[in-house]
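1. Sequence first, then the predicted structure, then my questions.
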There are 2 protein chains.
Amino acid sequence: MDESNLSNLMPGQLLARGVCRHLLSYDFVSVEELVPTPGRRVDVMALGPKGEIWIIECKSSRADFQSDHKWQEYLQWCDRYFWAVDQEFPSEILPGDTGLIMADAYDAAILRMGPEHRLAPARRKVMIQKFARHAARRAQASRDRGVARFNTSS
Amino acid sequence: MDESNLSNLMPGQLLARGVCRHLLSYDFVSVEELVPTPGRRVDVMALGPKGEIWIIECKSSRADFQSDHKWQEYLQWCDRYFWAVDQEFPSEILPGDTGLIMADAYDAAILRMGPEHRLAPARRKVMIQKFARHAARRAQASRDRGVARFNTSS
């Protein structure tokens, strides 16, 4: 296992790493830092085998959660919503009607499944396409370091 | 520009690199080596801003083209089909009713647009989801080298 880049990651990104790994056991693939609409950025968006979309916001501290005044907007872009926190986090302060994932940089576990509010088909189509284009840009940037100068839009 | 990994690429992969770069100028993002159905593998699949899907097969030599007896199957999975070849390739042997891209490892140019045969909506939905999941797996593998042991399916 390559740990060389762990020290470059922020606390929330370490949680995201473990979350994305664990979601593969549900056959969900994930992207990080997707922008669903200008000015908003999702920590983790996951796509299931039947087109299910989950959003997971990673909170590294009480302050990190309490300063987030926009998370409810994210409910409109997913079928299920989760928080991911570490073992030190006071999880009792999180809203009860959301999902809960316990994570570290290496793995995670779903402690409470987020309630399902299924997306309308048109919205799902838009989100899967955003997911696809975001993921492809990230994959291309990793396999071709010279591609940055060809990128004309985000 | 990082050229460190060019020597590891096969001739067809070098063409694919230039193709993927150039397609960004059309606002198309790309993945390589997607498997649309077991036993088939597409060199480049590109996804446009309106959900358009193009397939580009990269041929490094006359023999490479002449040994390909399956390319017509690929037409069912895309709106437009292209060949990508280099300047040495005898492009007159390629079918006239397909697209043509001239490429090298650094860039490409579309010489002839592939004719459009629009996918049915249900097929497009399936292909965009395959594209999304393939791209996300590749992106995750690049940002987290330790993820391989969590991968339970392709």
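-> Here it is on my side, so go on. Residues are numbered from 1 along each chain as shown, chains lettered A, B, ... in the order given.
2. For the residue nearest the centre of chain A, give its distance to chain B.
-> The centroid of chain A falls nearest to A:Val44 when counting by Cα atoms, centre = their mean (0.8 Å). Here the distance between A:Val44 and chain B works out to 11 Å (Cβ to the nearest Cβ, to the nearest Å). From N, CA and C alone the C-beta is placed, and that goes for glycine too.
3. Touching, that residue and A:Tyr74? I think so.
-> No. Assessed by Cβ atoms under 8 Å, A:Val44 is found out of contact with A:Tyr74, at 11.0 Å.
4. between the two, what contacts are shared?
-> A:55, A:57 (Cβ atoms under 8 Å, 6 or more residues apart in numbering or on different chains).
5. Check which residues of the longest helix anywhere in chain A are buried.
-> Ordering each helix of chain A by length in residues (DSSP state H) puts helix A:121-143 first. By neighbour count on 16 or more other Cβ atoms under 10 Å in any protein chain shown, the buried set for helix A:121-143 is A:124-125, A:127-140, A:143.
6. and what of stretch A:39-47?
-> So stretch A:39-47, judged by 16+ other Cβ under 10 Å, has buried residues A:42-47.
7. same deal with stretch A:82-91?
-> Buried residues in stretch A:82-91, counted by 16+ other Cβ under 10 Å: A:82-86, A:89, A:91.
8. do stretch A:16-36 as well
-> Going by neighbour count (16+ other Cβ under 10 Å), the buried part of stretch A:16-36 is A:16-24, A:28-32, A:34, A:36.
9. returning to what we had before: which of the buried residues of stretch A:82-91 sit farthest apart?
-> A:Phe82 and A:Asp86 (14.1 Å; Cβ to Cβ).
10. what are the ranges of the strands in chain A?
-> Taking DSSP state E, the strands of chain A run over residues A:29-34, A:42-47, A:53-58, A:80-85, A:99-103, A:108-112.
11. now those strands as CSV including mean pLDDT?
-> Putting the strands of chain A into CSV (pLDDT from 0 to 100) gives the following:
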stretch, mean pLDDT
strand A:29-34, 98
strand A:42-47, 98
strand A:53-58, 98
strand A:80-85, 98
strand A:99-103, 98
strand A:108-112, 98
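12. Export those as JSON lines, with columns for distance to B:Gly114.
-> Formatted as JSON lines, those follow (distance: least, Cβ to Cβ, whole Å):
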{"stretch": "strand A:29-34", "distance to B:Gly114": "29"}
{"stretch": "strand A:42-47", "distance to B:Gly114": "28"}
{"stretch": "strand A:53-58", "distance to B:Gly114": "31"}
{"stretch": "strand A:80-85", "distance to B:Gly114": "39"}
{"stretch": "strand A:99-103", "distance to B:Gly114": "44"}
{"stretch": "strand A:108-112", "distance to B:Gly114": "43"}
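13. picking up where we left off before, of the buried residues of stretch A:39-47, which is the nearest to chain B?
-> Nearest to chain B out of these is A:Leu47 (Cβ to the nearest Cβ; 5.7 Å).
14. Show me what the closest one is bridged to.
-> With DSSP bridges as the criterion, A:Leu47 is bridged to A:Val29, A:Ile53.
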